[in-house]
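**Q** Any chance you can model this:
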Amino acid sequence: MKKITQAQLNEVIKLHRMFLMGTSGGIRAVLKFHDLSDLDFSKANLSNADLSGSILNGANLSLGDFNNTNFFSCDLYKTDMRGSNFTRADFRGTQILGANLSKADMKGVDFRQGFIMNYDTEDADSGWSRTGETLFSGSNIRDTNMSNIMAQRTNFTNANLQGVILNDANLEGSNFTGTNLTDTDLSGSNLAKVNMHNSVLQGTVVLGVTGDIPIIQEMKDKQESRKKIDRELANINTLIRLHTLWIDTAGKKGKQLNLSGYNLSKENDIRRYPLTLIVADNCQFIGLNLHGAMMQSSILDNSDFQDCSARDSDFRGSSFKSAKFTRADLRNANFSHLKVQKGGKSIFQPVDLSDADMSFTNMEMAHFEGANLKNTNFAHANLRNVDFTGAQLEGANFEKADLTGAILSDTIIEGKA
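**A** The predicted structure is shown next:
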């Protein structure tokens, strides 16, 4: 597969711009089966170009014009596509794992399955498998316009489609398992045979859709009936004050804060409060700003932190069994053990993240010293310079994770130190 330099790409973009303007000497951009990884396409006008079969891993395609561009069977792993125009582009059979498409215009795009015949030729060998399925797993597609798209049997598992406009789209047979569809507008779309298992449907608009409507509506109603902070009867300040009193008096006064089952996704000020020793099992923190939050020694099992910004947060000694952190920003977060007093003795209480999903997260410089990370999913995560000293890593998944500079001293993997 041919690789080009940034200077060569800049020349291709220049000649393509001349081609679009009808200027003498202009040449249409045809970069089929090229390795274009990590190159900068930002603000480029490559409408009607042909990039089919190419690899664009980590490339910057933001704020550009790709109207009617051919991305057939491309690899767009962790590509920056924010704010670009992709109207009527061909994305059939494209792999778009962990990419950022927020605020892009994708009206009328074709996301159906697509195969390149005789792909195993020497010139076309990219080293990754093309199944023909268009794959958006783990991608951030927030606030994107995807009206009138053709996306039959497309894989949107664990993607963020919050606020996306998906009017009159053909989504038949698509997989939305674990997908964040908060405030997504699906009006008029074909949802026949879609898989919505564990998807987030709060505020999702389903007017005029076709498909398994009773099942989808039941899921939506159940989620929207989740408990929320009642501003009249249980002001959050009162709850926090009682919780603080409970801690200060060793449980003799006040009341421990229990937010189990609550939806806190609209509580944007929650990080300002002391949240040590809270109980919040099966709680939704989706998309919240938890930068610098203090949540030590808390029970947060089965809770949902996907798309949260939790840089520099202190989670020492807490339990996050089966919690979900997909795409969360956890840079420099502290998930290490906490020294506590029990039975008159000082012990180290480890963080428990067993069976948690931390795929596609950014955890650069985070701390997991002594943590229980059995069966934790770190697939596609940024784990640069993370400290795993003494952690239990049996069954953990590190597929395509970046472990550059990570500290793995004294870790336990498959029962061996």
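**Q** Buried ones in stretch 21-40, by neighbour count?
**A** 29, 31, 32, 33, 34, 35, 36, 37, 39 (16 or more other C-beta atoms under 10 Å). Using the backbone N, CA and C atoms, a C-beta is placed for each residue, glycine as well.
**Q** Tell me which of those residues fall in strands.
**A** 34, 35 (DSSP state E).
**Q** Determine which two of the buried residues of stretch 21-40 are furthest apart.
**A** In the buried residues of stretch 21-40, two members sit farther apart than any others by C-beta to C-beta. They are 29 and 37, at 17.0 Å.
**Q** Pretty sure residue 56 sits against residue 36.
**A** Yes - shown here, residue 56 and residue 36 form a contact pair, counting by C-beta atoms under 8 Å, at 4.8 Å.
**Q** Residue ranges in the stretch 301-417 of the chain under the pLDDT threshold?
**A** Low-confidence segments of the stretch 301-417 of the chain (pLDDT under 70): 414-417.
**Q** Now do the strands in it.
**A** In the stretch 301-417 of the chain, the strands defined using DSSP state E, counting those that start in this stretch lie at 338-342, 345-349.
**Q** Now render those strands as CSV, adding mean neighbour count and distance to residue 255.
**A** Formatted as CSV, the strands of the stretch 301-417 of the chain follow (neighbours: other C-beta atoms under 10 Å; distance: least, C-beta to C-beta, whole Å):
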stretch, mean neighbour count, distance to residue 255
strand 338-342, 12, 21
strand 345-349, 12, 23
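**Q** Quick one: those strands as CSV, columns for distance to residue 174 too.
**A** Formatted as CSV, the strands of the stretch 301-417 of the chain follow (distance: least, C-beta to C-beta, whole Å):
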stretch, distance to residue 174
strand 338-342, 43
strand 345-349, 43
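**Q** To residue 293, which of these lies closest?
**A** Residue 293 lies closest to strand 338-342 among these, at 14.9 Å (C-beta to C-beta).
**Q** Pass me the low-pLDDT residue ranges in the protein, would you?
**A** For the chain, the ranges with pLDDT under 70 are 114-132, 226-234, 414-417.
**Q** Helices along that one, start to end?
**A** Assigned by DSSP state H, the chain shows helices spanning 6-21, 213-224, 236-248.
**Q** Turn those helices into CSV, including distance to residue 198.
**A** Formatted as CSV, the helices of the chain follow (distance: least, C-beta to C-beta, whole Å):
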stretch, distance to residue 198
helix 6-21, 40
helix 213-224, 10
helix 236-248, 27
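**Q** For residue 361, which of those helices is the nearest?
**A** Smallest distance to residue 361 across the helices of the chain (C-beta to C-beta): 23.2 Å, for helix 213-224.
**Q** which parts of the closest one are buried?
**A** Buried residues in helix 213-224, counted by 16+ other C-beta under 10 Å: 216, 219, 220, 223.
**Q** ok, and what's touching that helix?
**A** 191, 194, 196, 199, 200, 201, 202, 203, 204, 206, 209, 263 (C-beta atoms under 8 Å, 6 or more residues apart in numbering).
**Q** next one: stretch 297-305
**A** With contact meaning C-beta under 8 Å, 6+ apart, stretch 297-305 is reached by 200, 275-286, 288, 290, 315-325, 328, 338, 340, 349.
**Q** Which residues are in contact with residue 332?
**A** Taking C-beta under 8 Å, 6+ apart as the criterion, residue 332 is in contact with 311, 312, 364, 365, 366.
**Q** likewise residue 150?
**A** Contacts of residue 150 (C-beta under 8 Å, 6+ apart): 109, 110, 111, 112, 169, 170.
**Q** Same question for residue 391.
**A** If you count contacts by C-beta under 8 Å, 6+ apart, then residue 391 has 368, 369, 370, 371, 372, 373, 411, 412 around it.
**Q** Next one: it from residue 374, what distance?
**A** Distance of residue 391 to residue 374, computed by C-beta to C-beta, to the nearest Å: 10 Å.
**Q** before we move on, what about residue 21?
**A** From residue 21 to residue 374 the distance is 59 Å (C-beta to C-beta).
**Q** Run a quick neighbour tally on the residue lying closest to residue 282 once chain neighbours are set aside.
**A** Among residues not flanking residue 282 along the chain, residue 302 sits closest, at 4.5 Å (C-beta to C-beta, 6 or more residues apart in numbering). Neighbour count of residue 302, defined by other C-beta atoms under 10 Å: 18.
**Q** filter the contacts of stretch 297-305 to the buried ones?
**A** Using 16+ other C-beta under 10 Å as the burial test, the contacts of stretch 297-305 include 200, 275-278, 280-286, 288, 290, 315-325, 328, 338, 349 as buried.
**Q** List the buried residues of stretch 203-212.
**A** Neighbour counts over stretch 203-212 (16+ other C-beta under 10 Å) mark 203, 204, 205, 206, 209, 211 as buried.
**Q** taking those one by one, which sit in strands?
**A** residue 211.
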